[in-house]
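Asks: From the sequence below, what's the structure:
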Amino acid sequence: MVDPSERGLIERHFALTERGTTVRTEVLAGSTTFLTMAYIIIVNPAILGAAGMPVAAVAAATCLAAGLASILMGITANVPLALAPGMGLNAYFAFTVVWGMGVPWPVALGCVFLSGIAFLLLTFAGIRQLIIAAIPPQLFAAVAGGIGLFIGLIGLKNAGIIVTSPATSVTLGNLHAPGAALALFGLVVTAGLAAWKVRGAILIGIAATTIAGWLTGQVAFKPEPYDLTAIGQVAFHLDLAGVFGLSGSHGLGLFEILFVFLFVDLFDNVGTLVGVTRRAGLIDKQGRIPRLNRILFTDAVASIAGSLFGTSTVTSYVESAAGVQAGGRTGLTAVVTGVLFLLAMFVAPWAQLVPLAATAPALVLVGGLMMAPLADVDWDDAEIAIPAFLTVAMIPFTFSIANGLAFGITAYALIRLIRGRITVSDWLLLVLAGLFVVRFAWLAAG
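Replies: Next up, the predicted model:
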């Protein structure tokens, strides 16, 4: 039970009565949010593990980063918004930066750290707010959809359901293979639970698929001694010197990596903020997000801290909407979610016992759920539909979030320019498009 004096302090800080909620409701809402996003404890280590990072250590770092970031968001900004290492950004970290560009993971963590510093500086200078105003909200939806396809493609490839083909680039894999069959079983279970609106459907699906993998001999169960000091394998291992030493084949790789971490986190965060705060009834009459500066400040600090702990960019989670649906209206919801993540640290290393085929269905399902914002795009208006389509298509087709952002923003600016609809207020949009054009020219020259 909560002590009456403490209850009074909680009531005053989070304005529970003013927002029509109670401590009990907020606790239930925070637990719901945790259940809907707890899959990240397993999926994030699996993705970053592909980059060569110790899986158990990343699992602990994921819990620590998500826990502290969510608690900070709840206390500082008083919104029911939970944070954790972002899906899409972790894929970019592992598959584009480490695999594609050959950047060592400590150097990649250094890039995440610097992007967090950039977030912080841009927030203090008010530039992040200007960027939000410069980009049409419908492109935010397109970015989310493109990342959803990107994540889904990775999940299907990890499961062996989609494989590379010299003739068609990709093709259907052998569905009779043990890994593919196990992943399909997991997808059916997880999708079925989600369709029935079972809380924690993704986590339950991963558990069921893992058990099936154990029973069919696809998992080597070899538990090892563990304590929380294992996080030391990744914590404070970022290589800032290596970041500034990027050269040779990387070229302007540093700029591109920082740019993507910066803008994808910004777009994803803003889209999540709008969706969650609107559902919670917290947006004011002018359509503005309350405490925007505090939210952006917390997001920046979370990314910096996450890189120090040993994980990719930490960002706001759209699964927070599940907690809002359960009645969460204040930052107490986020605090409860954060506390549960911290408690999960004690069992996080067991994530390494989960086979890749068990996490693949989660990636596919999350990718599908991320397509929902595309309904906000006006597909009958070519001025927005074409840039939105290019954004959605180029992210998975080029295996690069950077390319999707570049094509979408540049196309939007050019179409407005051709139509003669560019005004003085669009100066930042033109600057962004110009930077992308320079990037395209540099890539072509290379």
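Asks: Poorly predicted segments of the stretch 251-400 of the chain, please.
Replies: Applying pLDDT under 70 to the stretch 251-400 of the chain picks out residues 251-253, 267-268, 270-271, 274-275, 278-279, 283-288, 349-352.
Asks: go with 50
Replies: Low-confidence segments of the stretch 251-400 of the chain (pLDDT under 50): 251.
Asks: now the stretch 101-250 of the chain
Replies: Short version for the stretch 101-250 of the chain, where the test is pLDDT under 50: 247-250.
Asks: what about the strands in it?
Replies: Defined through DSSP state E, counting those that start in this stretch, the strands belonging to the stretch 101-250 of the chain, from first to last, are 162-165, 169-172.
Asks: As CSV, these with distance to residue 138 and mean neighbour count would be great.
Replies: (Each C-beta comes from the backbone N, C-alpha and C, glycine too.) Below are these laid out as CSV (distance: least, C-beta to C-beta, whole Å; neighbours: other C-beta atoms under 10 Å):
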stretch, distance to residue 138, mean neighbour count
strand 162-165, 29, 13
strand 169-172, 28, 11
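Asks: Burial check on residue 319, number of neighbours?
Replies: 25 (other C-beta atoms under 10 Å).
Asks: if we can go back for a sec, how about a markdown table for the strands of the stretch 101-250 of the chain, with distance to residue 97 added?
Replies: As requested, the strands of the stretch 101-250 of the chain are arranged in a markdown table below (distance: least, C-beta to C-beta, whole Å):
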| stretch | distance to residue 97 |
| --- | --- |
| strand 162-165 | 20 |
| strand 169-172 | 22 |
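Asks: Helices of the stretch 1-150 of the chain, residue ranges please.
Replies: Along the stretch 1-150 of the chain, the segments classed as helices by DSSP state H, counting those that start in this stretch run 4-14, 23-37, 40-49, 55-77, 89-91, 105-125, 127-134, 137-159.
Asks: Turn those into a markdown table, including mean neighbour count and distance to residue 178.
Replies: As requested, these are arranged in a markdown table below (neighbours: other C-beta atoms under 10 Å; distance: least, C-beta to C-beta, whole Å):
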| stretch | mean neighbour count | distance to residue 178 |
| --- | --- | --- |
| helix 4-14 | 13 | 49 |
| helix 23-37 | 23 | 29 |
| helix 40-49 | 27 | 18 |
| helix 55-77 | 27 | 21 |
| helix 89-91 | 25 | 24 |
| helix 105-125 | 21 | 29 |
| helix 127-134 | 16 | 47 |
| helix 137-159 | 24 | 11 |
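Asks: Figure out which of the ones you listed is closest to residue 375.
Replies: Taking C-beta to C-beta, helix 137-159 is the member of those nearest to residue 375, at 7.8 Å.
Asks: what about the nearest residue to residue 421 once chain neighbours are set aside, which SS state?
Replies: Using C-beta to C-beta, 6 or more residues apart in numbering and skipping residues adjacent in sequence, the residue nearest residue 421 is residue 383, 7.9 Å away. Recorded secondary structure, residue 383: helix (DSSP: H, G, I helix; E, B strand; the rest coil).
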